[in-house]
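K.L.:
Mind looking at a prediction? Sequence and model below.
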Amino acid sequence: MALKTLKTETRGRVAIVTLNRPDALNALNSELLGELRETLAHFSADDKIGAIVLTGSEKAFAAGADIKEMQPKDYVSAYLEDLFEGWSAVSNTRKPLIAAVAGYALGGGCELAMMCDFIIAADTAKFGQPEITLGIIPGMGGTQRLTRAVGKAKAMDLCLTGRMMDAEEAERSGLVARVVPADELLATAMKAAEKIAGFSLPVAMMVKESVNRADEVTLAEGLRFERRLFHSLFATEDQKEGMGAFIDKRKAQFKHR
Ligand code: CAA
C-alpha cells in the first residue's frame, strides 16, 4: 500500500498506524479517511495481527476534520455524501484498537480517539470539541460518545464553550484510561497492545463487542448478551487451555491468536 497520509508498521502481533499530515496537524480529510479505512481493513484481515495502536505526532493526534476541505460544502452535498458516515468503519473495527494521544485531539481528532477502545494519553494531550467556534456542531460522535464517556455536565461544558481540557482533567473525567509522560506514550500503548495480542483473539474481540454493547442496550439485555457470549466460550479450545494452564501452574498457549 502506498500511503500519503498515514504510516504503518508492525511489531510482532501489533500494528501501529500513525496519522501523518504534519503540515495540517493531522487534520482529517477524505484522503486520510480512505487510507485509514483501507489500512484497518487490511490489518483486520491479517491473522498475524492481534491489536492495533492508532497514534499521531508529538504536537497533534489530530486537530479535527479538515476545515479547508469542509468550508465550501453546502447542505445538499453534505447530505448526499452522508458526510462523516465513513468514519463508522473505525468504530466498527472488530480487533482491539488503542488510541495513543499526544498534543491536540480536537473536534474530529477527539472523536476519532473516542472511536477507539480506549485512550492512553501523553501528559501533553489536549482534548476538545471546538466546532461551535466554527459555526457547526460535532459531527463524528462528539455530542454522543463524549457524553457517554464524561457525563452530561462536562460534555455540555466542552461542546458549548469549545474549551480544551488537559490530560489530567480528561483522565479524571473518564475519557482517558491512563496518562503517561509524553516520551513513554508509544511504549506504554505498545505494551498494552502486546498484552492484548497475546490473549485469545476471539476472546479479546468478544470482550470488545460486549463492552460496546453497554452503550447500546438496556442493562438486562446487555447482561443476557454477555452471558450468551460467556457460555459460547466453553466451546473453545482457548477456554480449555486458559483454565487448564491455570490449574497446571503454567503460562497459557492460546491457539486462536
Ligand atoms: N483543518 C485544516 N487545517 C488545519 C486544521 C484543521 N482542523 N487544524 C490546523 N490546521 C492547519 C492550519 O491551518 C495551519 O496550516 P497553514 O500553516 O497552512 O496555515 C497548520 O495546520 C498549523 O496550524 P496552526 O498554525 O493553527 O497551529 P497552532 O499551533 O497555532 O494552533 C491549533 C494549533 C490550536 C490546534 C489550531 O490549529 C486550531 O485551532 N485548529 C483547528 C481546531 C478545530 O477547530 N478543530 C475542529 C475542526 S471541525 C471538526 O472536527 C468537525 C467534526 O466534528 C468532525
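P.N.:
Cool, the structure landed.
K.L.:
got the residues of the protein near the ligand?
P.N.:
Within the chain, the positions near the ligand by C-beta under 6 Å from any ligand atom are 24-25, 27, 63-68, 84, 104, 106-108, 111, 130-131, 134, 138-140, 142. (C-beta placed from N, C-alpha, C; glycine too.)
K.L.:
Among these, which are located in strands?
P.N.:
Those of the residues of the chain next to the ligand mapping onto strands are Tyr104, Leu106, per DSSP state E.
K.L.:
Tell me the first helix or strand C-terminal of whichever strand or helix holds Arg37.
P.N.:
Per DSSP states H and E, Arg37 falls inside helix 30-45. Towards the C-terminus, the helix or strand next in line after helix 30-45, according to DSSP H and E, is strand 51-55.
K.L.:
Could I get the buried residue list for that next one?
P.N.:
Buried residues in strand 51-55, counted by 16 or more other C-beta atoms under 10 Å: Ala51, Ile52, Val53, Leu54, Thr55.
K.L.:
Now render those as a markdown table, adding distance to Ala252 and pLDDT.
P.N.:
Output for these, formatted as a markdown table (distance: C-beta to C-beta, whole Å; pLDDT from 0 to 100):
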| residue | distance to Ala252 | pLDDT |
| --- | --- | --- |
| Ala51 | 17 | 98 |
| Ile52 | 23 | 98 |
| Val53 | 23 | 99 |
| Leu54 | 28 | 99 |
| Thr55 | 29 | 99 |
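K.L.:
Same list (these) but as JSON lines, adding distance to Met156.
P.N.:
JSON lines is the format used below for these (distance: C-beta to C-beta, whole Å):
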{"residue": "Ala51", "distance to Met156": "34"}
{"residue": "Ile52", "distance to Met156": "32"}
{"residue": "Val53", "distance to Met156": "31"}
{"residue": "Leu54", "distance to Met156": "27"}
{"residue": "Thr55", "distance to Met156": "29"}
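K.L.:
for these, which one is nearest the ligand?
P.N.:
Leu54 (16.0 Å; C-beta to the nearest ligand atom).
K.L.:
Is it correct that that closest one is in contact with Pro96?
P.N.:
No - between Leu54 and Pro96 there is no contact under C-beta atoms under 8 Å: 11.1 Å.
K.L.:
Appreciated, that's everything.
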